[in-house]
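Novice: A predicted structure for the sequence below; I have some questions about it.
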Amino acid sequence: MRAEIIKTILAAPGLLALCAAQEAVGMRRGVIDNERGFYYTYSQRWGDIGGYVGLPRSAFFQEMQPAALKGAHGRFQHVTPLDQGGLAFFPYWELKTWESQELASGRGPVFVTAEYQGRKRPVIFEWSANSEFGNMEAVNFRDERFIEFWIHRYVREILWSPRYPQMWVGIDNGAWDYNLYGVFDDRGKFVPGVRWDAGFPQNDDEFLEAVKHFLRRVKELAPDISIIINGMHLRDGSRFAELWNDVDGIILEDFISAGSDNEYGPSDWQRERFYDTFARASWAGAAGKVQVFQFAMAPDAPPMRLRTGYLAYLIFRGENSFFGPLFSSDNFEVPPERYAGMKDALGAPVSPAQDSPAPGLTAFGRRLYWRSCEGGIVYLNWAGREQRVTLPSDRPYYDRNGDRVSAIVIPDRQGDHVLTNPGLRAAKPSIDPRRTGVVTGPLPIALSTTTPKARIHYTLDGSEPTRSSPVYDRPLILDHSATVKARSVGDGLSDSFVSAASYIITDAPPSVGFHLAEFKGNPTIGQHYPLVGLSHASGLPVSVGYTLSEGANGLAISEGVVQFRPGEMYSYFRVDKGTGSFQIRLSNPSNAALGDRSVFAYGHQPSETARLQ
């Protein structure tokens, strides 16, 4: 049964084509060209970090580069009173007060309840029951009123205040399972699996449809909100691709650690779970999802521990991935210098990851994993016993000691690799910013490398850079389409592998307009943030004025300017809704042209359509 589920995940629509495309033309990164990324971790050098998901309003965000991913971690499926000023900053009591107003107006509840032992009770997420984080109460996140509250009150006003470039929303407890919810009985004992009251999802299928609805509606109403979810728990694994389709990223917390420090070895169940993670991460990587791979290690752990973690990352990762090893003693980042030599020597993956069952072993999760990279082949042995791997005969291969080998022996629960060229190699240059669509030029491009005193040679015509190519000494200014390729060269080192990024540059300014022409919202939510978007990104700052009027033809009551930083596709501003309708008109764009949707109309949703569906 599990094999069929994994086949279903790997056969998800478009996955095989994505893998084939990656193998044929090489993968292309769409986020910052810096793979150091973490989840609730500390670093001594925040300016060098490529991505971080953690506490909302973190002071670390302002120290990070503008292009670095900054995820304010929150929730949508369940909340607790302790969130109010703590981990997720969710306005629990405000939502309770708002729900009371809704009930008084004849509309339905938002907090989920279930009747048990003759009494209506709040539905609680099992993992939080009687925990230090508080009992997390389920909310009806398929309700359009809650979706509006979540976007405009929670994300815009709380999680993203202050708002930095490249803000994301992290979601905790990525476990889509109706049976993980229950109630407390009269004695305070948690009872799982109690059916929810009418008007709320009644079973796992309806719960999963509610998850899909929420994620889809956020994409439709607020495409600027990129969501990255911590975890990939799903009772029905065959629906993974379907449920995570509208998710932008996944956090794999402790992805390699489960069972790996147990002297008796991980159980077959743990090995099967590890393979589930491999299959789901393979799908997510091929689909271009952002992935944060994190694992913990002791400060005095043997080199094998970090080596195994990094090689597992290379096997699991997609192009938009981050690697986040941390010390278990204090949650500080493992210095990247500890694995830089291995990283530089192996380069990036050049083909999809592969796996096979261990010969003579029947347990499904006992497998050997491997993947070809620019500089060699990486292996991960999760077979349950030592594996002897015969290497391909297409070229010479060298082990970690620089000796030429035709086979390597890998102990259980360890990773190892072979290189096509022994010795130290310069680090691949980073190319920033990365842009995946059309951009109005001119666009400045910065190249950098972590190898001290290395020179960077580059080309702009897609040809391979050599030591005779121009040397980078200042930002490149692109005013026409180009493929930038760069290589680092250092004394006493092999040349780095080539970094590449393609840009489609136009001199036409983007058009600017509202994302939605109109919206009918709930009258008891006091604020709205109209979303303004560009047809494509610009290398220049963009601005556009707006005028707010009451009603369709009322008098202008306020005006302002919407600003877009270079590279930004969306921006927004706050409007206090009051009790009536309003209209907003855009005008006087700078470095842009007015698009077709230059007017936005807001009105209140009729009471009958605001009720629970």
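Specialist: The structure has been received and is ready for your questions. For clarity, every value in this text was computed on a predicted model and none was experimentally measured.
Novice: and Gly199, how many residues sit next to it?
Specialist: In terms of burial, Gly199 registers 15 neighbours under the definition other C-beta atoms under 10 Å. Quick note: C-beta positions are derived from backbone N, CA and C, even for glycine.
Novice: any idea how far Arg142 is from it?
Specialist: Spatial separation of Gly199 from Arg142 under the definition C-beta to C-beta, to the nearest Å is 10 Å.
Novice: also Glu209?
Specialist: Glu209 sits 8 Å away from Arg142 when distances are taken as C-beta to C-beta.
Novice: the more surrounded of those two?
Specialist: More neighbours sit around Arg142 than around the other of Glu209 and Arg142, counting by other C-beta under 10 Å; the figures are 20 against 14.
Novice: in which helix or strand would I find the nearest residue to the more buried one once chain neighbours are set aside?
Specialist: For Arg142, ignoring the flanking residues on the chain, the nearest one in space by C-beta to C-beta, 6 or more residues apart in numbering is Ala210 at 3.8 Å. In this assignment (DSSP states H and E), Ala210 forms part of helix 204-221.
Novice: mean confidence score for the helix or strand that that helix is followed by?
Specialist: Beyond helix 204-221 on the C-terminal side, the first helix or strand identified by DSSP H and E is strand 227-230. Predicted confidence along strand 227-230 averages 97 (mean pLDDT).
Novice: what lies in contact with strand 227-230?
Specialist: Identification of contacts with strand 227-230 by C-beta atoms under 8 Å, 6 or more residues apart in numbering yields 39, 53, 71, 73, 168-174, 215, 218, 244, 246-251, 253, 290, 292.
Novice: how does it look with 10 Å?
Specialist: Residues from elsewhere that reach strand 227-230 (C-beta atoms under 10 Å, 6 or more residues apart in numbering): 39-40, 51, 53, 69, 71, 73-74, 76, 155, 168-176, 214-215, 218-219, 243-244, 246-253, 289-292, 294.
Novice: now these: which count as buried?
Specialist: Buried residues within these, counting neighbours by 16 or more other C-beta atoms under 10 Å: 39-40, 51, 53, 69, 71, 73-74, 76, 155, 168-176, 214-215, 218-219, 243-244, 246-253, 289-292, 294.
Novice: hang on, isn't Leu534 packed against Ala508?
Specialist: No. No contact is recorded between Leu534 and Ala508 when judged using C-beta atoms under 10 Å, the distance being 11.9 Å.
Novice: surely the residue nearest to Arg142 touches Asp143?
Specialist: Yes. With contact defined as C-beta under 10 Å, Ala210 reaches Asp143; the gap is 9.1 Å.
Novice: neighbour count for those two, which is higher?
Specialist: Relative neighbour count places Asp143 above the other of Ala210 and Asp143, with 26 against 19, counting by other C-beta under 10 Å.
Novice: the more buried one against Phe214, yeah?
Specialist: Yes. With the criterion set as C-beta under 10 Å, Asp143 and Phe214 qualify as a contacting pair; they are 9.2 Å apart.
Novice: which neighbours do those two share?
Specialist: Between them, Asp143 and Phe214 have Trp150 as joint contacts when contacts are counted by C-beta under 10 Å, 6+ apart.
Novice: what's near enough to touch the residue nearest to Arg142?
Specialist: So Ala210 contacts 77, 140-143, 176, 178, 200-201 (C-beta under 10 Å, 6+ apart).
Novice: looking at those residues, which is nearest Thr113?
Specialist: When these are compared for distance to Thr113 (C-beta to C-beta), Phe200 wins out at 7.7 Å.
Novice: distance of the residue nearest to that closest one when sequence neighbours are not counted relative to Arg75?
Specialist: Nearest residue to Phe200 in three dimensions, chain neighbours excluded: Val112, at 5.0 Å (C-beta to C-beta, 6+ apart). The spacing between Val112 and Arg75, counted by C-beta to C-beta, is 14 Å.
Novice: distance from the chain centre to stretch 399-412, please.
Specialist: Taking C-alpha atoms, centre = their mean, to the nearest Å, one finds the center of stretch 399-412 at 35 Å from the center of the full chain.
Novice: okay, it in PDB with CA atoms only?
Specialist: This file holds the C-alpha atoms of stretch 399-412, laid out as PDB (Å, rounded to 0.1, in the frame of the first residue of the first chain):
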ATOM      1  CA  ASP A 399      37.300   9.400  -2.300                       C
ATOM      2  CA  ARG A 400      37.400  12.000   0.500                       C
ATOM      3  CA  ASN A 401      41.200  11.300   0.900                       C
ATOM      4  CA  GLY A 402      41.900  12.000  -2.700                       C
ATOM      5  CA  ASP A 403      42.500   8.300  -3.600                       C
ATOM      6  CA  ARG A 404      41.200   6.900  -6.800                       C
ATOM      7  CA  VAL A 405      38.600   4.300  -6.100                       C
ATOM      8  CA  SER A 406      36.200   2.000  -8.000                       C
ATOM      9  CA  ALA A 407      33.900   1.300  -5.000                       C
ATOM     10  CA  ILE A 408      33.100   2.700  -1.600                       C
ATOM     11  CA  VAL A 409      31.700   1.200   1.600                       C
ATOM     12  CA  ILE A 410      29.100   3.200   3.500                       C
ATOM     13  CA  PRO A 411      27.900   2.300   7.000                       C
ATOM     14  CA  ASP A 412      24.200   2.300   7.800                       C
END
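Novice: for it, buried residues please.
Specialist: For stretch 399-412, using 16+ other C-beta under 10 Å, the buried residues are 399-400, 408, 410, 412.
Novice: out of those, which comes closest to Ala312?
Specialist: If you rank the buried residues of stretch 399-412 by distance to Ala312 using C-beta to C-beta, Ile410 comes first, at 12.5 Å.
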